[in-house]
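Enquirer: Need coordinates for the following:
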Amino acid sequence: MRILVVGGTGTIGKAVVQALSQGNEIVAVSHKSTPITVDLARAESIQAMYRAVGNIDAVVSAAGNAAFKPLLQLRDEDFQFSLANKLMGQVNLVRYGFEHVADGGSFTLTSGVLAQHPMPGSGAVSLVNAAIEGFARAAALEAPRKIRVNVISPPWVTETLIAMKMDPSMGLPAATVARSYVESVTGSATGTVIAPKG
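Expert: Model prediction:
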């Protein structure tokens, strides 16, 4: 398969690229550090990326930023950033990607554990994560040519917790999380939210 991995240089993205690389052609795309780049917050950038990449069998999104700060400190700009980037960026990957994905191909988006288990500071993140899951379930019902649409809802990733100087024991290693992306790309499920387990 020829697989586009958006966010392919990030913590989860690198693990996904490695997990899918055997027997597949991987096109890794990032915001700045790959030959083909994309700004998820700009629809025209997503369209240009697809034109540059060409035809593919699957799209994996392990990208998208959202603001994390206390609710009373979240400004309109923080919500707009989160909606434009992590939510509409992934929505537009699907909308503009249909014509580039082969019959029976797939999209795998990323939400996160804060959709189901919010915490102080996660108002904007929980909002966009839950919205991604709702969108994917609906998009799967209308996807043309038997294209599948799923979401991975990863827990905290061990490597991220270590980088943030938090307790890594409550996370899963990126390589473990990546197995759920492989399951989405190679399996038959659609309209499903997959929560990686250890």
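Enquirer: Which parts of this structure are strands?
Expert: Secondary structure of the chain, counting by DSSP state E: strands at 2-6, 25-29, 56-61, 101-110, 148-152, 193-194.
Enquirer: can I get those in CSV with mean neighbour count and distance to Glu77?
Expert: For every residue, glycine as well, the C-beta is placed using N, CA and C. Converted to CSV, those look like this (neighbours: other Cβ atoms under 10 Å; distance: least, Cβ to Cβ, whole Å):
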stretch, mean neighbour count, distance to Glu77
strand 2-6, 25, 24
strand 25-29, 20, 26
strand 56-61, 25, 23
strand 101-110, 22, 23
strand 148-152, 26, 26
strand 193-194, 18, 29
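Enquirer: Out of the helices and strands in this structure, which is least certain?
Expert: Every helix and strand in the chain was compared by mean pLDDT, DSSP states H and E; the lowest is helix 158-163, with a mean of 94.
Enquirer: Can you give me the buried ones in that helix?
Expert: Taking 16 or more other Cβ atoms under 10 Å as the basis for neighbour counts, the residues of helix 158-163 that come out buried are Thr158, Glu159, Thr160, Leu161.
Enquirer: Then stretch 67-83?
Expert: Of the residues in stretch 67-83, those scored as buried under the neighbour-count criterion (16+ other Cβ under 10 Å) are Ala67, Phe68, Leu74, Asp78, Phe79, Phe81, Ser82, Leu83.
Enquirer: Name the residue most distant from the centre of this structure?
Expert: Of all residues in the chain, Leu72 sits farthest from the chain's C-alpha centroid, using Cα atoms, centre = their mean; the distance is 27.3 Å.
Enquirer: Look up how far Gly104 lies from it.
Expert: The gap separating Leu72 from Gly104 is 47 Å, by Cβ to Cβ, to the nearest Å.
Enquirer: what are the C-alpha coordinates of the single longest helix found in the chain, in CSV please?
Expert: Secondary structure of the chain per DSSP state H: the longest helix is helix 123-142. Coordinates of each C-alpha in helix 123-142 appear next as CSV, following Å, rounded to 0.1, in the frame of the first residue of the first chain:
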residue,chain,number,x,y,z
GLY,A,123,-11.5,22.4,27.7
ALA,A,124,-10.4,23.1,24.1
VAL,A,125,-8.6,19.8,23.6
SER,A,126,-11.6,17.8,24.9
LEU,A,127,-13.9,19.8,22.7
VAL,A,128,-11.9,19.1,19.5
ASN,A,129,-11.1,15.4,20.3
ALA,A,130,-14.8,14.6,20.9
ALA,A,131,-15.8,16.5,17.7
ILE,A,132,-13.3,14.4,15.7
GLU,A,133,-14.8,11.2,16.9
GLY,A,134,-18.4,12.4,16.1
PHE,A,135,-17.2,13.5,12.6
ALA,A,136,-15.5,10.2,11.8
ARG,A,137,-18.6,8.2,12.8
ALA,A,138,-20.7,10.3,10.5
ALA,A,139,-18.2,10.5,7.6
ALA,A,140,-17.9,6.7,7.6
LEU,A,141,-21.6,6.5,6.7
GLU,A,142,-21.2,8.7,3.6
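Enquirer: Fine by me, we can end here.
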